[in-house]
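# Here's a sequence, model it:
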Amino acid sequence: MALRTNSLSVSEQTPHQPQQTLLLQSYGIDRFSRFWVTVGLFGIVFALELLTPADYVMGYLYISPILFFKPRLHRGSTIVLVAIAVVLTLLNIWIPGKQPIQPAMVANRLITVVALIVTGLLSDRNRYIQQTLAQQQAKLQVQEQLASLREDFTSTLAHDLKTPILGAIETLKAFDRGQFGEVQPKQKHVLGVTIRSHQTTLQLVETLLDVYRNDIEGLHLRQIPIDLSKLAESAATALFDLAASRRVHLSLNYGNSEFRQFLWVNGDAFQLERVFANLIANAINHSPRGAKVEIVLSTQGSQQVVKIADTGAGIQPDEMTHLFGRFYQGESDRQASGSGLGLYLARQIVEAHGGTIWAENRSPQGAIFGFRLPAIVYPAS
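Residues are numbered from 1 along each chain as shown. Sure, this is the predicted structure:
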């Protein structure tokens with residue numbers, strides 16, 4: 001078996017040998033041609049040096065082949081070419097020797113030598129910079145490809161996770177309804193906790209899918225005139241159980257007004273309710289037990305303004321610019337464990353509606369997360 005394996009490996013490598021041979025041959029031909037072109041150019045310049053009076057310095061022309069072949073010259077080759085050019089330039093002081101050596105002649109040659117050396121150094125430095133830039137560009141391309149593959153993998157994995165999670169939730173609900181036998185009160189409590197846990201996991205998976213989809217395809221909105229007050233009430237009602245489990249009181253008010261107001265905007269009701277849900281849940285999760293979370297709605301000029309205020313630990317100054325970044329969870333006591341996607345998705349939705357979202361600290365303690373959307377006048381009003 002070992003002999004057979006070795007024979008197979010040799011046979012597999014054989015087809016590649018002609019291609020490698022051709023590459024080596026072409027590389028050799030390229031080196032060979034460049035060598036003779038360089039020799040020819042140096043010969044022409046040296047001939048001009050011999051045929052012209054010594055007062056005329058032609059050694060500057062040696063710079064041409066050095067610069068012409070600089071992308072393909074290694075440091076050693078550059079040094080050799082510069083050395084040969086220096087020797088030939090100085091040699092012309094004595095050859096052909098038809099004129100007496102003058103100080104000005106020697107000075108001109110020395111200046112030419114300095115120019116050749118500087119040109120060689122700059123050429124080598126330029127080649128090194130180009131190689132470094134090419135390597136950095138290659139690394140960036142590889143990193144972009146890896147990031148794209150990672151995001152594709154994450155998106156595919158999240159999509160495939162939805163089916164088993166949904167199946168588990170429905171099965172647990174069937175147990176809770178007693179379809180598989182009588183359920184004791186303690187068991188119903190455990191089933192309820194497990195169902196809520198699975199629903200939270202499903203929500204995280206769906207958020208992750210939405211974030212990747214929005215980044216790649218953009219957010220597609222179905223905009224109609226909607227009242228933000230109704231969305232706020234709906235989101236608060238949906239999160240009542242979460243607030244009760246944390247012993248957090250939810251309140252909805254309209255700023256200085258004691259009466260219910262209408263805050264009409266042109267928007268996607270489903271997406272904007274997700275913004276409310278994310279911001280309210282964020283406030284609940286970071287509020288101490290017995291605290292109060294306020295949802296404040298108001299109209300300011302041509303803007304409808306929503307603020308969700310809590311009495312938690314507040315926001316650290318260095319976190320302000322990162323709060324709405326993707327996967328950012330922060331390091332302060334205020335940030336609870338999570339995916340770091342809720343605020344990022346909220347920012348995506350608000351900005352897609354032409355609005356702005358922000359966060360600030362609340363006096364004397366706590367934080368405020370808010371957003372503004374362009375107001376409209378409802379046609380029926």
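# Flag every buried residue along the helix or strand hosting V80.
Secondary structure from DSSP states H and E places V80 in helix 75-91. Using 16 or more other Cβ atoms under 10 Å as the test for burial, helix 75-91 gives S77, T78, L81, V82, I84, A85, V86, L88, T89. Heads up, the C-betas are built off the backbone N, CA and C, glycines and all.
# Output the contacting helices and strands for the following helix or strand past it.
Remark: after helix 75-91, the chain's next helix or strand is helix 103-176, criterion DSSP H and E. In terms of contacts (3 or more Cβ pairs under 8 Å, 6 or more residues apart in numbering; DSSP states H and E), helix 103-176 is packed against helix 63-68, helix 75-91, helix 185-217.
# Lowest average pLDDT across those?
Ranked on mean pLDDT, the bottom entry among the helices and strands packed on helix 103-176 is helix 63-68, at a mean of 70.
# ok, L146 to P103 distance?
In this view, L146 and P103 are 64 Å apart by Cβ to Cβ, to the nearest Å.
# Wasn't Q365 part of a strand?
No: Q365 is assigned coil when assessed by DSSP: H, G, I helix; E, B strand; the rest coil, not a strand.
# remind me which residues of the stretch 101-250 of the chain are low pLDDT?
Scanning the stretch 101-250 of the chain for pLDDT under 70 picks out 102, 147, 150-155, 157-159, 217.
# if we go to 80?
101-109, 112, 115-116, 119-128, 130-131, 143-163, 196, 199-200, 202-219 (pLDDT under 80).
# For the nearest residue to S302 once chain neighbours are set aside, give me its contacts.
Nearest non-adjacent residue to S302, counting by Cβ to Cβ, 6 or more residues apart in numbering: A375, 5.5 Å away. Contact partners of A375, counting by Cβ atoms under 8 Å, 6 or more residues apart in numbering, are L263, W264, V265, T299, S302, Q303, Q304.
# Let me have the residues you listed in JSON lines, extended by secondary structure, neighbour count and pLDDT.
Output for the contacts of A375, formatted as JSON lines (DSSP: H, G, I helix; E, B strand; the rest coil; neighbours: other Cβ atoms under 10 Å; pLDDT from 0 to 100):
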{"residue": "L263", "secondary structure": "coil", "neighbour count": "22", "pLDDT": "92"}
{"residue": "W264", "secondary structure": "strand", "neighbour count": "20", "pLDDT": "93"}
{"residue": "V265", "secondary structure": "strand", "neighbour count": "25", "pLDDT": "95"}
{"residue": "T299", "secondary structure": "strand", "neighbour count": "17", "pLDDT": "91"}
{"residue": "S302", "secondary structure": "coil", "neighbour count": "9", "pLDDT": "92"}
{"residue": "Q303", "secondary structure": "strand", "neighbour count": "16", "pLDDT": "94"}
{"residue": "Q304", "secondary structure": "strand", "neighbour count": "25", "pLDDT": "94"}
